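[1] here's a sequence, model it:
(one chain, ligands or ions: 1)
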Amino acid sequence: MLEMNSRSQLWICLLILFLSTVSTQIHARPKGGDGDFTKRDSPHFTVYQDVDLDHYSGKDGIRAFERSVLDHLEDAYKNTYKILSLRAGGKIPVEIYDPAVFDKQFNRGFNYTAVGFYHNRRIRVRGDKKVDIHMIQTLHHEYVHAVVDAVAPGVFPGWLNEGLAEWFERYAVGRKRMHGGEANYLRLAIMQKRWVPLSSLTTFSNLSNDNAGLAYLESYAMIDYLVRKKGERGLRDFIREVIRTKNVDKSLKRKYKLSIAELEQAVIAENSP
Ligand SMILES: [Zn+2]
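    The predicted model follows:
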């Protein structure tokens, strides 16, 4: 969750780009979209896209691209329903932008680069010519925010909202556990005393590029820890308790016998050198 700026007070959720491919992609594609969005529907989503594709038909054409985006979004719908028994009602609009257009329109005024965000029942994604693994993860990530906003608007603190989105985007590509590189990154942050306290992550506003990456990873580490403790069913029970009580600390104590502070300390302890 993030406020776009203090003036607009809009809350949105951003997925930062951990990889260093942003500038490469921008340089490789100076030509932007034409602002003429095409539209295609699936049962739970409407996709509008403005990516600069050369053909309408064929395997690299607009039609195949839109179908692929919708297939992955429907997968996101199935995953959150299967694991959390939750879904966003109605049809969610999803706008896929040409990357240069997205950067010009949305990647200003932020301290870090966004590849997608959710705001006001609408998902916006920095597109590409192909639906690659990064776009798939972005679609799954942002859909979780749409679900959270639909079922409990304003209830989830930033770390819980982002942690869930990060967990589901990894689940989408077959990853169910934190990998070694991520654990090493956390360990290094703890060693260097750069850990961002959960108490400061009720929103994700005002994060620098450096601690934004760490904040997202810490949030994911919380969910990863909970899933290792009581599985996906335990996570579902906890999330449903949060929705019911609107109280994260109480729900965590009831389902995991942990306060938020104790959860944070447990994750720090297991990742400490
Ligand atoms: Zn997010």
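[2] what helix or strand is the spatially most central residue of the chain on?
    Residue closest to the mean C-alpha point of the chain, counted by CA atoms, centre = their mean, is His141 at 3.2 Å. For His141, the host element (DSSP states H and E) is helix 133-151.
[3] that helix vs the ion: in contact?
    No: Helix 133-151 stays clear of the ion (CB under 5 Å from the ion), getting no nearer than 5.5 Å. For the C-beta atoms, the positions are set from N, CA and C on the backbone; glycine is no exception.
[4] I'd say the residue nearest to the centre of the chain and Glu169 touch.
    Yes: look at His141 against Glu169 with CB atoms under 8 Å: they come within range, at 4.1 Å.
[5] any stretches of the stretch 101-250 of the chain with poor pLDDT?
    109-112 (pLDDT under 70).
[6] contact residues of it facing the ion?
    The stretch 101-250 of the chain has residues 162, 165 near the ion, with proximity defined as CB under 5 Å from the ion.
[7] coming back round to it: pull out the buried residues from the helix holding His141.
    134-149, 151 (16 or more other CB atoms under 10 Å).
[8] that helix - contacts with which helices or strands?
    Using 3 or more CB pairs under 8 Å, 6 or more residues apart in numbering; DSSP states H and E, the elements in contact with helix 133-151 are strand 11-16, helix 62-84, strand 92-97, strand 114-119, strand 122-126, helix 158-171.
[9] and those: which comes nearest Leu207?
    strand 11-16 (8.6 Å; CB to CB).
[10] avg pLDDT for that closest one?
    Mean pLDDT, strand 11-16: 45.
[11] the helix ranked longest in the chain to helix 158-171, inter-axis angle?
    If you go by DSSP state H, the chain has its longest helix at helix 209-245. Calculated by axes from the mean of the first three to the mean of the last three CA atoms, to 10 degrees, helix 209-245 forms an angle of 100 degrees with helix 158-171.
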